[in-house]
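**Student:** this is a predicted model, with the sequence first.
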Amino acid sequence: MRKITSYLVAFLIANIFTTSVFAQNVTISGNVKNSATQENSSAVSVTIKGSDVGTFTDDKGNFSITTKSLPVTLVFTSVSFEPQEVAVNSATDKLKIAFVPTNALGQEVIVSASRVPEKIMESPVSIERVSAAALRSAPSANFYDVVATLKGVDVTTSSLTFKSPTTRGFGGSGNVRFNQLVDGMDNQAPGLNFSVGAIIGLNELDIDNIELLSGASSALYGPGGMNGTMLMTSKNPFKYQGISFIVKTGVMHTDERERPTSPYYNWALRWGKKVSEKFAFKITTDLIQAKDWIGIDYRNFDRSNGVMVPGNRQTDPNYDGVNVYGDETSADIRPVLQGVAAAAPFLAPYISQFLANPIKVSRTGYTEQELINPNTVNFKLGGSMHYKLSHNTEAIVAGYWGTGNTIYTGASRYSIKDFKMGQYKVELLNKNWMLRAYTTQENAGQSFNLAATTQNFNESWKPSPGSTGWYAQYGQAFLSSKLGGLSDLDAHKAARAVADVGRPAIGSAAFNAGYEKFRKIPAPKGGGLLDRTDLYSVEGSYNLSEYTKSFADILVGANFRKYSLNSQGTLFADSTGPIGIKEFGAFVQASRDISDKLKLSASGRFDKNENFDGRVTPRITALYKVAENNNIRLSYQTAYRFPSTQQQWINLDLVSYKLIGGNKDFINHYNFDSNPAYLRNELKNGQQVKYDFPAQKPEALSSFELGYKGLLMNSKLLIDMYGYYGNYTNFTGRVVVAQSKSGSPIAQADADTGQIYSVPINSPEKIKTYGFGIGMDYRLPANFTLSLNLASDNLTDVPTGLIASFNSPQYKLNASIGNSGFGKAKRMGFNVAYRWQDEFFFQSDLANGNLPSVQTVDAQISYKLPSTKSIIKLGANNLLNQYYYNAIGNAYVGGLYYISFGYNIY
Amino acid sequence: MNSFINKYKNGGLLVAVALMGLTACNKEVEQIAPVPVPPVISSARALGDTLKLGTQDSLFYKMIVRGGMLNLLNDKTKTFTLFSPNNAAVRQFVSGASGGLIPPSGAPESVYVNFINASLPVASAASIVQYQILPQTVTAAAMPTTFPNFPYPTLLNPNPAASALLRFDAYVSRRTNGAWLNNIPIIVSDRLAGNGVIHSTAAVSVPPSTLLLDRINADAGLTFLKAAIERADSGAAPGASLQFLFGTQSIAPGLNLTLFAPTDAAFIAALTVQASPVVYFQIYQQAYAAAIGGGATPAEAAVIATNAATANTPAQTALLVGSPTVFQNPLLFPFLTATAVKGILAYHLLFGQRAFTPNLPTTATAIRTFLNTVVPSHPGITVTAAFTGPVVTSATVKGVANATAANLLINPLPGGSSDQHFVNGVMHKIDQLLFPQ
């Protein structure tokens, strides 16, 4: 092993330095301007034709490049410009290049589809790309909203800054089937299992591009990307230089529906500096401050049956509002009444009239609006240092760190407070290979679970049980009110008023002190979340094509990951110490042009997690060129996913039930061997079906996709369409089981009164998913562009009782019209984007319910100041202020109107 | 500028039209059907106002006003059943309350009204009215037909300082021949009001204030019963005694006892039968011993003793059993053991059932007694009642070892002999002791 390692090191060193020595004697300098607007063109690639020597223009459009002799031909390239070649015979004069912009469609180069650069038109799988230019002209205040306009993408909005995209279903705040990679680092918070790209990742100014692979992508990116992978790539400081900033000021809550009208601030700064031809660095920072959207769904959720039911606090004594917390505590008051009957026999016959059915009563809760700190703050700090070991090899040290407050939806709503996450990497990047080591350090800070905190707070000011407890007081007052002639409902109201005597009012000193205390105490005695889970990852890849190109282009890679789950028992079953999970994987990909028209590639990946057997996931793709810029793609991919850290190890007491992981250790922990659990739905119907806790397996997806991408109508129309069909095996959902609390044999009543668990389960049946997407981009005259896309996702064959949480609208539509330059000197720009999504039934650990269709309009109008490459933008998200929510229990989102000034925007 | 506008007006129009097409709003949070609606307050007259219009309710209405209960009865957020004694019933009540100074009928209406308004204490009026009100709607159809009745709590709390949940119960029943509040016939039922229902009754239901033991101890006709209870309790722990059961205020509400109380005559009759052989034997022994001592032969002594016993037993027995002290007489201890007496008394007691005479079955029916708590398989007593209209005119109760049935001494008036209503139960006097074996 040591010998192999030393060979590998020698090989890498040879690669790094073999091309690092060259003569330097003639320097050519010049300036590149946009021929249409006369603005300086920065970040334009300048290379000497026939060599690998190159540079980029700086933020003033200037460049200088050194060659050993003249004449040479310089090649100028940049996205959105016609490539240009200039022959240089003399280095004495400064070159002036008039760079001609083009709005040709489909010319972008993407990397992620095959892990090697290729034209997007020739991608063998479905891919979407968002360029920095697209972000500039997008109306969205948050770049994650731009992702939502891509074909087939659904974004779940937990709060202003917490957005979780997905493709092909399984939306949700904590989406574990969709990878988000930031500069190659998995952006998922390793403990909380949600991707935090929106709050701890790149800032808008630093995004070079976003590539989004729809559908299974784990053959190249490892387990996890079953539904898709989003890769965000930051700007390299060698290429993008200078100081840039955006000052964005906006206004929210204009109709004061949730809160008084409040400002929105977003300041972003990036400083990229090429110190020398070998060394560059960048620093980025971003601050968002606003009063967040809040969940105001006050519908009544029957937690034990998982359905919305009629009623509210006034009409249902057992009311459990979706965005109301503390009312999850529920008990039957009949024991109290029976106690009264025993002590007061003259009431016993009367009380017997009430005992036929349970009289469930919930504690009085507080609304999210009352509990949540309205201030959302998000601060990001990032930076990197890049050192060119040679023309072809760059060493990078980078870090992204963020902190802030936001709101996340899991099994409850979580106030993510002072959350901190850092991602740090060391990377060696060669044109043929890559080696990267990174770590993700998560700290949940003072985050807390609203429900658990409020429930425990309620218990602190008046305990539920006991002869003078809340329920005793309630039951006696209920009876007393009934004895006074009140209706049941009025008696419940009167009883609540009696039991709630002394209930701390929101904002009172007693409330503030008590709530502060319990949000800091870790669950289950409080609501605090102590999560300091870390992830360590090492990965590398090597493109062997220069050795194998006679046969095929071959790419190999491998990675190793280690999770260290550390919640001190507040989230995971790790009260005795951190739980480690190790995974490793390796892949190989071969591609070959069979003919001018047909390109085939095949890849395979092997992954092994210490808790699961190893698995191979193959991918086969074919690209057939029907005509120039018209390609048909066909792929077969498999993907699979180890159960997430939470699906393996979560151990969360949600009072009405326990959310547990699928690791076999739970069988002993909860004595399921001696006191078995039974399927609750069956038990309700009087059937005793024992649940045997079968060994947890990774879920797998086999997916076929057929797609077409082509330029039509004289290259003015770009059409991209796909259809897919997938088969999930061992689909991981959840099932609800019941266990006797007393240890006595299970009885039908235990379906309601027993200990309830929600347990991950692999569906024994194959679950099918299918859908399609079609997108069109059309270049209208005068630089207008029209985009339209429609997608559909479907899930079938879901067995009864399995909670699949597919959470995707069957149909979704995006339409936009825009112009990146019109009017005098093409300084004006605008964009109007419309999105509609169909209604669907939403399922989550928090609540289930029908989600109505949603439509939103975003718009912006902008004005450029070419001399400083500045843009003034007036934008509106949800222009018509039509409140919507896209997951049950999530924030109700209204209009955000802003004006921004961006300086030195590339 | 015009050229600029012309150049882009088509695009602008397109956008404007598109935006106008979006005036349909996103749906608000979908409500789950059926959307709950607050309870509708009935527009019909409330109980108080309904009663005010009644032709036979004016006197009770006065009592309601006197007791300060009108607002409560007119509160439409609450639901009540009001038992409203008609004017004749209230006159009867006034007569009793006045100690007979006011006749039960025939006096001018103002006399009764003045008594209510001036002489009836407000607290009494309030208590009596509260005792006629159930805090729930009980229509005639909802009244129970099973033996004996259903104890509904009334609004009357005998001791609010002790607990807000204390209540006196009212015992409501229905049979084919009528419906009753305790033993009071309901004359007109189901007079519906906006916040409940009114049933007109033939008498004022007066809340009890004393205990069974108070009556037993005070009643000159129940001296043997009192003595029997004391005999039964000898040696018993204080909490397990019959006196505790019959005479403890703290456990009285809701105890619901029915005591078939044998009169002194009944006791004497029964004890005579029991005691005669003992007395006969005692006289015989004494006479025989005396005769032998006088020199008689055993045969002669036997004849003398037989004659003496036959001649003197009735008088001696009558003397022996003619006083309640009989239970203290060592001569009868072997027969009147505490256990035996307690067993017999338990056989006269229904526990947890407050059976008024109208609740008694019209066909002979076996009813389990307190004795069944010790002898679960015992068949109980057999009870039958005969009605004239809604009123029981005769009723019998028979023990399994009795040759004939005992009669209930029908007289339901206060201080009478049947349907005597106490905090902890009801008492009916009977003319025979019941024997379980």
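**Tutor:** Thanks, I have the structure now.

**Student:** sec struct for the residue of chain A found nearest chain B, please.
**Tutor:** Among all residues of chain A, A:Phe346 sits closest to chain B, at 2.5 Å; criterion: C-beta to the nearest C-beta. Bear in mind the C-beta positions are built from the backbone N, C-alpha and C, glycine included. For A:Phe346, the assignment made with DSSP: H, G, I helix; E, B strand; the rest coil gives helix.

**Student:** ok but B:Asp75 is inside a strand, no?
**Tutor:** No - under the criterion used here (three-state DSSP), B:Asp75 is coil, not part of a strand.

**Student:** what sits against it?
**Tutor:** Contacts were defined as C-beta atoms under 8 Å, 6 or more residues apart in numbering or on different chains; by that measure B:Asp75 touches A:485, B:46, B:195.

**Student:** in chain B, what residue is nearest chain A?
**Tutor:** Scanning chain B for proximity to chain A using C-beta to the nearest C-beta identifies B:Gly254 as nearest, at 2.5 Å.

**Student:** and which of the contacts of B:Asp75 is nearest to B:Val321?
**Tutor:** Nearest to B:Val321, judged by C-beta to C-beta, of the contacts of B:Asp75 is A:Gly485 at 54.0 Å.

**Student:** wait, the closest one touches B:Tyr152, no?
**Tutor:** No - the pair A:Gly485 and B:Tyr152 fails to qualify as a contact (C-beta atoms under 8 Å) at a distance of 12.0 Å.

**Student:** now do the shared contacts for the two.
**Tutor:** Common neighbours of A:Gly485 and B:Tyr152, counting by C-beta under 8 Å, 6+ apart, are B:Gln136.

**Student:** my read is that A:Ala87 contacts A:Pro71, right?
**Tutor:** Yes - the pair A:Ala87 and A:Pro71 passes the contact test of C-beta under 8 Å, sitting 6.1 Å apart.

**Student:** and the stretch 151-300 of chain B, which residues reach chain A?
**Tutor:** Counting by C-beta under 8 Å from any C-beta of the partner chain, the residues of the stretch 151-300 of chain B close to chain A are B:151-153, B:155, B:163-169, B:196, B:253-256.

**Student:** most neighbours, which of those?
**Tutor:** Ranked by the number of neighbours (other C-beta atoms under 10 Å in any protein chain shown), those place B:Arg167 first, at 28 neighbours.

**Student:** give the contact list for that residue.
**Tutor:** Applying C-beta under 8 Å, 6+ apart, the residues near B:Arg167 are A:346-347, A:483, B:153-157, B:253.

**Student:** looking at these, which is nearest B:Gln274?
**Tutor:** Of all the contacts of B:Arg167, B:Pro253 has the smallest distance to B:Gln274: 36.8 Å, by C-beta to C-beta.

**Student:** my guess is that closest one meets A:Ala344, correct?
**Tutor:** Yes - counting by C-beta under 8 Å, B:Pro253 touches A:Ala344, with 7.5 Å between them.

**Student:** report how many residues lie close to residue 351.
**Tutor:** Using chain A here. Around A:Ile351 sit 22 other residues, with neighbours defined as other C-beta under 10 Å.

**Student:** could you do chain B instead?
**Tutor:** Under the neighbour criterion other C-beta under 10 Å, B:Phe351 is assigned a count of 17.

**Student:** state the phi and psi torsions of the closest residue to it other than its chain neighbours.
**Tutor:** Distances taken as C-beta to C-beta, 6 or more residues apart in numbering or on different chains place B:Phe370 nearest to B:Phe351, at 4.4 Å, with adjacent residues excluded. Torsion angles at B:Phe370 (phi, psi; degrees, to the nearest 10) stand at phi -60, psi -30.

**Student:** what's the pLDDT at B:Phe370?
**Tutor:** For B:Phe370, the pLDDT comes out at 96.

**Student:** residues contacting it?
**Tutor:** Residues in contact with B:Phe370, defined by C-beta under 8 Å, 6+ apart, are B:346-347, B:349-351.

**Student:** separation between it and A:Ala751?
**Tutor:** According to C-beta to C-beta, to the nearest Å, B:Phe370 stands 42 Å off from A:Ala751.

**Student:** A:Val759 now?
**Tutor:** 15 Å.

**Student:** now residue 149, what are its backbone angles?
**Tutor:** If you meant another chain, say so; for now it's chain A. phi -90, psi -10.

**Student:** can you list contacts of stretch B:124-135?
**Tutor:** With C-beta under 8 Å, 6+ apart as the criterion, stretch B:124-135 contacts A:482-486, B:60, B:63-64, B:66-69, B:73, B:78-85, B:93, B:116, B:152-157, B:168, B:170, B:172, B:181, B:201, B:204-207.

**Student:** put the alpha carbons of that stretch into CSV.
**Tutor:** In CSV, the C-alpha atoms belonging to stretch B:124-135 read as follows (Å, rounded to 0.1, in the frame of the first residue of the first chain):
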residue,chain,number,x,y,z
SER,B,124,-84.8,29.2,50.5
ALA,B,125,-86.5,30.3,47.3
ALA,B,126,-83.2,30.1,45.4
SER,B,127,-82.4,26.6,46.8
ILE,B,128,-85.9,25.4,45.9
VAL,B,129,-85.7,26.8,42.4
GLN,B,130,-82.2,25.4,41.9
TYR,B,131,-83.4,22.1,43.1
GLN,B,132,-86.0,22.1,40.2
ILE,B,133,-83.4,22.8,37.6
LEU,B,134,-81.1,20.3,35.8
PRO,B,135,-78.2,21.8,33.9
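
**Student:** just how off-centre is it within its chain?
**Tutor:** Counting by C-alpha atoms, centre = their mean, to the nearest Å, stretch B:124-135 is centred 16 Å from the centre of its parent chain.

**Student:** stretch A:419-429 now?
**Tutor:** Per C-alpha atoms, centre = their mean, the displacement of stretch A:419-429 from the mean C-alpha position of its chain is 18 Å.

**Student:** and the longest helix for chain B?
**Tutor:** Once chain B is assigned using DSSP state H, the helix that runs over the most residues is helix B:264-293.

**Student:** give me the buried stretch members for the very next helix or strand once past that one, please.
**Tutor:** Remark: after helix B:264-293, the chain's next helix or strand is helix B:298-321, criterion DSSP states H and E. Neighbour-count burial for helix B:298-321, counted by 16 or more other C-beta atoms under 10 Å in any protein chain shown, picks out B:301-302, B:304-305, B:308-309, B:312-313, B:316-317, B:320-321.

**Student:** just stretch A:704-716 next, same as before
**Tutor:** Under the neighbour-count criterion of 16+ other C-beta under 10 Å, stretch A:704-716 has A:704-705, A:707-711, A:716 buried.

**Student:** can you check stretch A:28-36 too?
**Tutor:** By 16+ other C-beta under 10 Å, the buried positions in stretch A:28-36 come out as A:28, A:30-34.
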